[in-house]
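*Asks:* show me how the following folds:
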Amino acid sequence: MDKITHKVRCEQWTSIIKECLASGMPKTTWCREHGISDKSFFYWQRILREEAYLTTLESTLTPAVKRIQLQQLQILLKSK
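*Replies:* Residues are numbered from 1 along each chain as shown. A predicted model of the protein is given here:
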């Protein structure tokens, strides 16, 4: 998936996840009522959380520490 496609999908899933959370319903119930696969919902929720964590981490670390820790995190994420 290219970067533009990934960005668009992230935006779409961010909107979907926010709508689900705002509903106050259990996630699986909301997904079922909206024709969304539980598996897809939780996959994208995990992806967006990981990306948010990495973005936060990038903004709080010094450049040398950032580079090392990001490389280690990327290795860990790829091994999942």
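*Asks:* for the rest of this, base every contact and every neighbour count on C-alpha atoms.
*Replies:* Noted.
*Asks:* please report how far residue 8 lies from residue 73.
*Replies:* 24 Å (Cα to Cα, to the nearest Å).
*Asks:* kindly apply the preceding question to residue 23 instead.
*Replies:* 33 Å.
*Asks:* the longest helix in this protein is where?
*Replies:* For the chain, the helix that runs over the most residues, judged by DSSP state H, is helix 38-60.
*Asks:* now it: mean pLDDT?
*Replies:* With pLDDT averaged residue by residue, helix 38-60 scores 88.
*Asks:* stretch 16-32 too?
*Replies:* 97.
*Asks:* how far does it stretch from start to finish?
*Replies:* By Cα to Cα, one end of stretch 16-32 lies 13 Å from the other end.
*Asks:* cool, stretch 20-33 as well?
*Replies:* End to end - Cα to Cα - stretch 20-33 spans 11 Å.
*Asks:* check which residues of that stretch are buried.
*Replies:* 20, 27, 28, 30, 31 (16 or more other Cα atoms under 10 Å).
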